[in-house]
Each structure stands twice: as C-alpha cells, then as structure tokens.
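> the following block contains a protein sequence and its predicted model.
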Amino acid sequence: MATRAKNIFFCAECGYESPKWLGQCPGCRAWNSFAEEPVQKKAPAGGFVSAGKRAVPQRLSEVTQTAQERIGSGIGEFDRVLGGGIVPGSLVLVGGDPGIGKSTLLLQMSSILSEAGHVVLYISGEESPQQIKLRADRLDKPSGKLLLLAETNLDAVEAVIEQQKPEIVIIDSIQTMFREDIQASPGSVSQVRETTGSLLRVAKGQGITIFIVGHVTKEGVVAGPRVLEHMVDTVLYFEGENAASYRILRAVKNRFGSTNEIGVFEMCQNGLAEILNPSEYLLEGRPENEPGSVVAAMMEGSRTMLVEVQALVCQTNFNMPRRTAAGMDYNRVNLLLAVLEKRLGIQLAFCDAYINVAGGMRISEPALDLAVVFAILSSYKNKAVPEHTIVFGEVGLTGEVRAVSMAAGRVAEAAKLGYAQCILPYANLEGMKKNRKEFGGISLVGVKNVRDLFGLLER
C-alpha cells in the first residue's frame, strides 16, 4: 500500500499530536507550544505481531535480579554523577549551553575507555572525523582505538552499530539525526522523538550504552519534545557561566542512581579537569577582614560546598532603591530585606542593596538565608565578620532561624578547611552537642533569630 503524507501539529513540550493547531495543549496544558510538521506514516502490513510466547504477569518476589557490573568512565566526577559508573544498556542524555563542554567531556571519556580496551563508537553529525581528530590532539587525548563516524542518517548508523557491536556509542547530537521515513527536517519534534525511540530500542535490545548530546533552548531545556527526557534513563545537564572556568555536571534524572550528586570540573587548555575540592577552589582570592563578605556552607546533593556571599549596602540616590541579586533568587533577597526592616528596625528602604554569590555559583537552597542576612548587616554597619567563620541557616518571616538538613556534614567540611567558628541554627546545635569531638576544635554558635545574629556583629 502506498504511503501517505500529511501535516500534523506536535506539542513541543510533551509530543502530543493534533490534526489542527491548538492554543493550549490538552496533554501538558502548555500554551502556544504547537508546531506544524509534515509527517509520513507507513500503513501497517497486517498489524504488529509479537514474537515469542505471550507475556504473563509475574510476582515481584519471583523476579530474579542479575548483578549488573558498571563500567568506570575513567573520570571520577562523571562516575559520581552517574551513580558509580556507566550502566550497560542505558540511554543517557547530556544537555547544556553551546560551548559548555559536552562534546569535550564525552570525547575525553571515549578516549579513556577505548584505551582501556572497550569498543567505543563516536558518531558525529556536526563534525568530520578530521575535526574530531584535531580536537582530540588539542585535548592531548589521542586514541587510535576510538571508532569515528560522521553520519546523520539513523538507518546507516544502526547498520554500523549492528556491524561493529560497540559497547558504548556517542551520538553528537540528536538534533542532527533523521530517519528517512519521517518527512520532517532534522531537529524537529517528530524527528527527535522517533530517532530517540529507535536508539532506545537499540540500547535495550543489544545492551549497548548510548550517550546522546542534546542542544538546549534559550530557556535552558533540551530542544525538542519534553517526552525526550522521559524516554531516556538518565538526564545530565552541564551548567556554568561563560566567564567562569568551572563547570557543574548535574543529574536531573537517573534511574540507576541518585539525582543528588554533582560533578565539578574546570575548563583548562587540555580539556575538562576534575575539581576534587570545590570549596577551596571557589573561595580562592576571598578578601580578608572586609565588611559584607561571609562564607556559607551549602549542600549540592550530598556534597558540602563552601561559597562566599557578598553584600553591598549603600545610600540610594534615587526615589526607589535598587535591588540586585546574582547567584540567588531576587525575590528571596527582597523578602530577607523586609524581615530585617521589620524585626530589627533597620531603615533599608533608603539603601541600595547588591547581593552576589562569588564565583558564578547559583544557589537555591534556603540555608543560604542566614549568610545573606549576615552579609547585609555587615555591610550596613560597615563591620567585618570575624575571620574563619562560616554561616548557614534558613530565616523565616518572623525573623526566626530554622534548622536545615545535614548540618553535621557542613560543620565537618568547615573544620576540614581550618575554620574556627560556625554560626548555625540553635535547633541544629542542640542535636550536635554530643558529637562535638567529631568537628575538631571548631566553635559552634547557635542563633534563634536575626536579633541574636545582629548581637554577634555588635560584639
């Protein structure tokens, strides 16, 4: 039977299909997300027939689990984010801004694995083998055993995979791949969805680990249907500022491990280098005895990181004071300023306030509140915070300082780096009195509200 082609509207968020344009998607309720694309569908030849015997349900207690050994990538920070290594037969999506280091990281990993004896196939739809070779030489990661293929036709890619039988496949990028039976341009909703579905069947059917590079939109999400993230096993995002040399690899979804782990890298001349002690790296160059500078203990997943919070409070020259927040939520800064005005009687309405998390980090954890408040008070009173002091805690609307999670890990990290004093919520202090010996000689100071914190600065 002859094939027929028609236009269908796809939702870019969830992949919902509709014969006509809709203002709001019935599936995910997103507005103005439909795009028209030509799609060619083949008529089914006698329907789909399942091979083998009919499937029957099985009790959970009867399911036998086979031990699946992970493959070490040779990059410790990468293995940490994956949950301990590469799981055979998994489909991993790696997203991030252009030039952030996605291809660099995967090329480094491919070179290490191929030198270790694993069969790795690097498929590029954007670069020729000569260009990949130049990049590998620049990164000082030449590997004569790495297989390269410059191809965008997925049918040809599947044929090469069937012939070479690789253990790991890199697709760079999914937006360049296309299937001939889909009459839509590469990178479109239908092409991205169908090509990812085909790669998923290859990964699960042949036990091959496939890494997919995905371009992101201006909103910071992977281009294409949102269903793409639901299809894969793991979603990794590369984060970082163009002006900063460090990069953070974060797991947004991981079926084989925790999403609470991050990997920290530094972009060097020879590629991405692991940062084993992010706290020391982020605090490098911090000013001493300067008002408005406070060190805060933050949790990124299960890893403790010390960051510097800076505040500059000065008299305004305008009718409406300026408020600027870099590295944290702008509305949260306004909330904390209002709490200080109400609970301490400080007239901040006549002052400009600039808050910055040094190093380009972006923190969303509420435990940053107490450090921001301390930095604002320090700059307002023009009094420096005592040296070798760290601060963490959440501040409520009534000015109370609330307990935060994993307080012991934060204090232990500060003690390891030589800090002498830790200002923390009083509720956390009560639970840590029995284990003070574990934190060395660090002094623990508990505060119940912002008035207690202000009193520490006035000493």
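Good, I have the coordinates.
> and Glu36, how many neighbours?
Counted with other Cβ atoms under 10 Å, the neighbours of Glu36 add up to 13. Quick note: C-beta positions are derived from backbone N, CA and C, even for glycine.
> and the pLDDT for it?
At Glu36, the predicted lDDT confidence score is 77.
> and it, how far from Leu340?
53 Å (Cβ to Cβ, to the nearest Å).
> mind checking the end-to-end distance for stretch 408-424?
This stretch, stretch 408-424, spans 11 Å end to end (Cα to Cα, to the nearest Å).
> I meant stretch 348-361, not that one.
OK, stretch 348-361 end separation, Cα to Cα: 26 Å.
> list of residues touching it?
For stretch 348-361, the surrounding residues in contact (Cβ atoms under 8 Å, 6 or more residues apart in numbering) are 240-241, 243-244, 246, 282, 286, 305, 307-316, 321-328, 333, 337, 340-341, 363, 368, 372, 375-376, 380.
> how about it: buried residues?
Leu348, Cys351, Asp352, Ala353, Tyr354, Ile355, Asn356, Val357, Ala358, Gly359, Gly360, Met361 (16 or more other Cβ atoms under 10 Å).
> likewise stretch 264-281?
Neighbour-count burial for stretch 264-281 [16+ other Cβ under 10 Å]: Val264, Phe265, Glu266, Met267, Gly271, Leu272, Ala273, Ile275, Pro278, Ser279.
> report the backbone C-alpha coordinates of that stretch in PDB.
Extracted as PDB, the C-alpha positions of stretch 264-281 are listed here (Å, rounded to 0.1, in the frame of the first residue of the first chain):
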ATOM      1  CA  VAL A 264      32.700  19.800  39.400                       C
ATOM      2  CA  PHE A 265      35.100  20.400  36.500                       C
ATOM      3  CA  GLU A 266      37.400  23.200  35.400                       C
ATOM      4  CA  MET A 267      37.800  24.100  31.700                       C
ATOM      5  CA  CYS A 268      41.500  24.000  31.000                       C
ATOM      6  CA  GLN A 269      43.700  24.200  27.900                       C
ATOM      7  CA  ASN A 270      43.700  20.400  27.800                       C
ATOM      8  CA  GLY A 271      40.000  19.900  28.300                       C
ATOM      9  CA  LEU A 272      38.000  19.400  31.500                       C
ATOM     10  CA  ALA A 273      39.900  18.700  34.700                       C
ATOM     11  CA  GLU A 274      38.200  17.400  37.800                       C
ATOM     12  CA  ILE A 275      38.000  19.600  40.900                       C
ATOM     13  CA  LEU A 276      38.300  17.400  43.900                       C
ATOM     14  CA  ASN A 277      37.900  20.200  46.500                       C
ATOM     15  CA  PRO A 278      35.300  22.700  45.100                       C
ATOM     16  CA  SER A 279      35.200  24.700  48.400                       C
ATOM     17  CA  GLU A 280      38.900  25.600  48.200                       C
ATOM     18  CA  TYR A 281      38.600  26.400  44.600                       C
END
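> touching, Val213 and Val169? I think so.
No: Val213 lies out of contact with Val169 (Cβ atoms under 8 Å); the separation is 11.6 Å.
> between these two, which is the more surrounded one?
Set Val213 next to Val169 and count neighbours by other Cβ under 10 Å: Val169 wins out with 27 against 24.
> show me the residues around the more buried one that make contact.
Val169 neighbours (Cβ under 8 Å, 6+ apart): Val120, Leu121, Ile123, Ile161, Ile208, Thr209, Ile210, Phe211.
> the host helix or strand of Gln130 packs against which elements?
Gln130 is part of helix 129-138 when elements are defined by DSSP states H and E. If contacts are counted by 3 or more Cβ pairs under 8 Å, 6 or more residues apart in numbering; DSSP states H and E, helix 129-138 sits against helix 102-115, strand 147-150.
> how about it, which residues are buried there?
For helix 129-138, using 16+ other Cβ under 10 Å, the buried residues are Ile132, Ala136.
> all helices for the stretch 101-250 of the chain, in order.
102-115, 129-138, 154-164, 189-206, 227-231 (DSSP state H, counting those that start in this stretch).
> which residues sit against the longest one?
When you say that, I think you mean helix 189-206. For helix 189-206, using Cβ under 8 Å, 6+ apart, the contacting residues are 8, 10-12, 15, 35, 37, 39, 89-91, 154, 158, 161, 165, 171, 174-175, 177-179, 182, 184-185, 208-210, 212, 223-225, 227-228, 231-232.
> paired strands for the longest strand anywhere in the chain, with orientation please.
Determined from DSSP state E, the single longest strand within the chain is strand 303-315. Next to strand 303-315 in the sheet, as set by DSSP bridges, lie strand 293-300 (antiparallel), strand 351-357 (antiparallel).
> what residues sit buried inside the next helix or strand after that strand?
Once the chain leaves strand 303-315, the next helix or strand it forms, by DSSP H and E, is strand 323-326. For strand 323-326, the neighbour count (16+ other Cβ under 10 Å) marks Arg323, Ala325 as buried.
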